[in-house]
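A.B. asks: Sequence below, structure please.
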Amino acid sequence: MIFSKNIQDNIRAMNEILDVSTNFDVVYRTLHIGGKTACAYFIDGFTKDEVLLKIFQVWESMKPESMPQDAHEFSKLYIPYGEVGLTDNSDSMIIQLLTGITCIFIDGYSVCFTIDCRTYPARGVSEPEKDKVMRGSRDGFVETLIFNTALIRRRIRDPRLTMEILSAGESSHTDIAVCYMKNRVDEQMLSMIKQRIQNIHVDALTMNQESLAECLYPSKWYNPFPKFKFSERPDTAAASILEGNIIILVDNSPAAMILPSSVFDIIEEADDYYFPPVTGTYLRLSRMAISFLTLFLTPVWLLLMQNPQVLPPWLQFVRLSEQPYVPLFFQLMILEFAIDGLRLAAINTPSMLTTPLSVIAGIVLGEYSVKSGWFNSETMLYMAFVTVANYSQASFELGYALKFMRMILLILIALFNYWGFAAGVILSVCAIVFNKTIAGKSYIYPLIPFKWSELKKRFFRGRLPHKVKAGNS
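C.D. replies: Okay, here's the model as predicted:
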């Protein structure tokens, strides 16, 4: 479509493209500006009505002799608003209109005036449910992209903070913001990520961040360990940008993608830095130790139960107090699946029923499953610890990666005993060691390649970097 100076030609073409007779939320209104006919198109629910009303009031008072011949001059003099543009590209204009921008045609001008007075339905920037902290800010990302970029801008008031806007999806045209610091980012990695986003050929990013992640890193899907760190906390995103990382925000998603991310980055949490160095170090080391236990506790216990003769006297208490009716391997595997079933049930349970149903489920599935003979009390104890300990870190992806490795370990131990345990450990180590970040670097840097100064920072939280001005004590 080529815009015409004849307003009626533009109206007929736009009405046909947008099918305004069928789409009730596509609104168009004809008006007069300085004796000329004009037509405004906008999406109902995406526009600030009070802003349009004030602009229309200004135009109603215009006289024919005050109308300039040039469209650029008209936009400068008679559109009293900040975000105003001109376009002669019909494809770009249609996409802008569908995102909520108001488009206006005026008789005698062969361009379209765009006024960005959008407003999106949005929830409050409250603290995210998953990324809670004991101390620190209580705001969180929401599904509106511009709100999320504002939360980061509020924390980093530096002109070198850059937020580039891209889009993906032939039908959805989903907005994607790439955020970084110009003087700290890896330029080669930044260029690679932007090129991959621009080369994405999909109909829509239906699953937002996950759809984009699979397009950015399509290979090695069989390795469960996450390639990206996701966070709904603006303070975490801002800190990552200042460290030289790249943040990707996707419209309609409240989570930020942090790249590149190693396994140490994923384990880190905001609480490590909201407390003094000693407390932060304790929290970090505790989280690492608990993650290690979630992977090896039940496999090692199953191995010891299959070989009770190797138990030293001081570990005799871990033996079963009663004879099992169901083999221990099947008990552990049933509980692994049952826990996920309970988690899914909790997500879909109405909030008013969550507490009473949780109590009932705990009593019935805990006490009576042991009395019925399906499970031994020791099995229930260790699986309960693993389940609760899995929530010690915020990453769902890392939690499920550890779960899959734990299940593989259980299967190999049940089949091959000691050799199975050795094979499972080697497989778990290889899954981490041979994994790569999106930048192609080691997933366990600075362990491999080894760098003690950086490795020390990963395990021990030091003092936050600061500068002292000359003359201050």
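A.B. asks: Do a quick rundown of the helices in the stretch 51-200 of the chain.
C.D. replies: With helices called from DSSP state H, counting those that start in this stretch, the stretch 51-200 of the chain shows them at 71-78, 90-98, 145-155, 187-198.
A.B. asks: Give me the helix or strand of the protein that scores worst on average pLDDT.
C.D. replies: Among the helices and strands of the chain, helix 351-362 carries the lowest confidence by mean pLDDT, DSSP states H and E, at a mean of 66.
A.B. asks: Which SSE is immediately downstream of it?
C.D. replies: helix 369-371 (DSSP states H and E).
A.B. asks: residue farthest from the centroid of the protein?
C.D. replies: residue 65 (53.9 Å; C-alpha atoms, centre = their mean).
A.B. asks: can you pull out the strands in the stretch 51-200 of the chain?
C.D. replies: 84-87, 102-106, 112-115, 161-168, 174-181 (DSSP state E, counting those that start in this stretch).
A.B. asks: partners of the fourth one in the sheet?
C.D. replies: Yep, that's strand 161-168 we're talking about. strand 174-181 (antiparallel) (DSSP bridges).
A.B. asks: now swap in the third one and tell me
C.D. replies: Taking DSSP bridges as the criterion, strand 112-115 sits next to strand 84-87 (antiparallel), strand 102-106 (antiparallel) in its sheet.
A.B. asks: Name the surrounding residues that touch stretch 95-109.
C.D. replies: Residues from elsewhere that reach stretch 95-109, judged by C-beta atoms under 8 Å, 6 or more residues apart in numbering: 3, 5-7, 10-11, 14, 18, 33, 36-43, 46-47, 52, 67, 71, 74, 87, 93, 112-120, 173, 175. Heads up, the C-betas are built off the backbone N, CA and C, glycines and all.
A.B. asks: what's the average pLDDT for it?
C.D. replies: Mean pLDDT, stretch 95-109: 93.
A.B. asks: That stretch: which residues count as buried?
C.D. replies: Within stretch 95-109, the residues that count as buried by 16 or more other C-beta atoms under 10 Å are 96, 97, 99, 100, 101, 102, 103, 104, 105, 106, 107, 109.
A.B. asks: Stretch 294-312 too?
C.D. replies: 294, 295, 296, 297, 298, 299, 300, 301, 302, 303, 305, 306.
A.B. asks: of all the buried residues of stretch 95-109, which comes closest to residue 312?
C.D. replies: residue 99 (67.2 Å; C-beta to C-beta).
A.B. asks: quick one: that closest one and residue 173, what's the gap?
C.D. replies: Separation of residue 99 from residue 173 (C-beta to C-beta, to the nearest Å): 8 Å.
A.B. asks: just for the stretch 101-250 of the chain, where's the confidence low?
C.D. replies: 219-220 (pLDDT under 70).
A.B. asks: Whichever of the contacts of stretch 95-109 end up buried, select them in PyMOL.
C.D. replies: Buried residues within these, by 16+ other C-beta under 10 Å, are selected in PyMOL with:
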select buried, resi 3+7+10+11+14+18+33+36+37+38+39+40+41+42+43+46+47+52+67+71+74+87+93+112+113+114+115+116+117+118+120+173+175
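A.B. asks: Quickly list what the closest residue to residue 179 other than its chain neighbours is bridged to.
C.D. replies: Among residues not flanking residue 179 along the chain, residue 247 sits closest, at 4.2 Å (C-beta to C-beta, 6 or more residues apart in numbering). According to DSSP bridges, the partner residues bridging residue 247 are residue 179, residue 258.
A.B. asks: Hmm, residue 152 and residue 247 touching each other?
C.D. replies: Yes - the criterion here is C-beta atoms under 8 Å, and residue 247 meets it with residue 152 at 7.3 Å.
A.B. asks: Give me the common contacts of the two.
C.D. replies: By C-beta under 8 Å, 6+ apart, the residues touching both residue 247 and residue 152 are 179, 237, 241.
A.B. asks: so can I have TSV of these showing neighbour count?
C.D. replies: Putting the shared contacts of residue 247 and residue 152 into TSV (neighbours: other C-beta atoms under 10 Å) gives the following:
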residue	neighbour count
179	24
237	27
241	25
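A.B. asks: What distance do you get for the residue farthest from the centre of the chain to residue 34?
C.D. replies: Counting by C-beta to C-beta, the gap from residue 65 to residue 34 is 8 Å.
A.B. asks: Residue 238 now?
C.D. replies: Taking C-beta to C-beta, one finds residue 238 at 47 Å from residue 34.
A.B. asks: before we move on, what about residue 255?
C.D. replies: 48 Å.
A.B. asks: Tell me which of these two has more neighbours.
C.D. replies: residue 255 (25 against 19; other C-beta atoms under 10 Å).
A.B. asks: How many neighbouring residues does the nearest residue to the more buried one once chain neighbours are set aside have?
C.D. replies: The shortest distance from residue 255 to any non-neighbouring residue, by C-beta to C-beta, 6+ apart, is to residue 230 (4.5 Å). The number of residues packed near residue 230 is 23, by other C-beta under 10 Å.
A.B. asks: and the strand or helix carrying residue 230, what other elements does it pack with?
C.D. replies: According to DSSP H and E, residue 230 maps onto strand 229-231. Helices and strands touching strand 229-231, by 3 or more C-beta pairs under 8 Å, 6 or more residues apart in numbering; DSSP states H and E, are helix 234-242, strand 256-259.
A.B. asks: quick one: contacts of it?
C.D. replies: Counting by C-beta under 8 Å, 6+ apart, 131, 209, 237, 240, 255-259, 261, 265-266, 394-395, 397 sit against strand 229-231.
A.B. asks: Swap in 6 Å and give it another go.
C.D. replies: For strand 229-231, contacts defined as C-beta atoms under 6 Å, 6 or more residues apart in numbering pick out 131, 255, 256, 258, 261, 265, 266.
A.B. asks: Just the closest of these to residue 412, please.
C.D. replies: Closest to residue 412, out of all of the contacts of strand 229-231 and judged by C-beta to C-beta, is residue 266, at 25.2 Å.
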